[in-house]
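> quick check, what structure comes out for this input:
(one chain, ligands or ions: 1)
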Amino acid sequence: MPAAPLSQEEIQDRLTGLPGWSLEGDRITCTYRFHSHFAALGLTVHVAAIQDELNHHSDLTLGYNTVSLSVNTHDAGGVVTEHDVNLAARVAAIADGHGVR
Ligand SMILES: C[C@H](O)[C@H](O)[C@H]1CNC2=NC(N)=NC(=O)C2=N1
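Down below sits the predicted model:
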């Protein structure tokens, strides 16, 4: 049974406590900026481990000193569900530990 879509209000409410995260169309997104490429890579690896643990995966982009995430729930038809905001919360909880600027 796929997760139910969240309303715009529910999404905004959940993202309020997650710095840098926003609703962009039918996805939630965030870009973290770092002091170095290697620090950005470290977050990328950590996020990949969390995503495999949750079995929920963002489009994860590593730049020179940035990591960008963009996610919604494919199984629910490409809408934002609890799975997406839960992943965002897990990532937000570890980002500072990787030296986010
Ligand atoms: C078969 C596997 O469990 C599913 O495809 C998982 C994998 N990761 C996923 N990630 C995202 N973003 N949405 C999904 O619906 C999803 N489903």
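> and the ligand, is the longest helix seen in the chain touching that?
What stands out as the longest helix in the chain, according to DSSP state H, is helix 37-54. No - under the criterion of CB under 6 Å from any ligand atom, helix 37-54 makes no contact with the ligand; the nearest approach is 7.5 Å. Bear in mind the C-beta positions are built from the backbone N, C-alpha and C, glycine included.
> CA-only coordinates of the next helix or strand after that helix, as PDB, when you get a sec.
Helices and strands here follow DSSP states H and E; after helix 37-54, the next one along the chain is strand 59-62. Below are the C-alpha coordinates for strand 59-62, written out as PDB (Å, rounded to 0.1, in the frame of the first residue of the first chain):
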ATOM      1  CA  ASP A  59      18.200  12.400  -6.700                       C
ATOM      2  CA  LEU A  60      21.500  13.100  -5.000                       C
ATOM      3  CA  THR A  61      23.900  15.500  -6.700                       C
ATOM      4  CA  LEU A  62      27.500  16.200  -5.700                       C
END
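> what lines up beside strand 59-62 in the sheet?
According to DSSP bridges, the neighbouring strands of strand 59-62, each with its direction, are strand 66-71 (antiparallel).
> what number of residues lie near the residue nearest to residue 50 when sequence neighbours are not counted?
On the basis of CB to CB, 6 or more residues apart in numbering, the spatially nearest residue to residue 50 that is not a chain neighbour turns out to be residue 90, at 5.1 Å. A total of 17 residues lie near residue 90 under the criterion other CB atoms under 10 Å.
> again, but for residue 89
By the other CB under 10 Å criterion, the neighbourhood of residue 89 contains 14 residues.
> that one: which element?
Secondary structure from DSSP H and E places residue 89 in helix 82-95.
> next, the buried residues of that helix.
82, 83, 84, 85, 87, 88, 90, 91, 92, 95 (16 or more other CB atoms under 10 Å).
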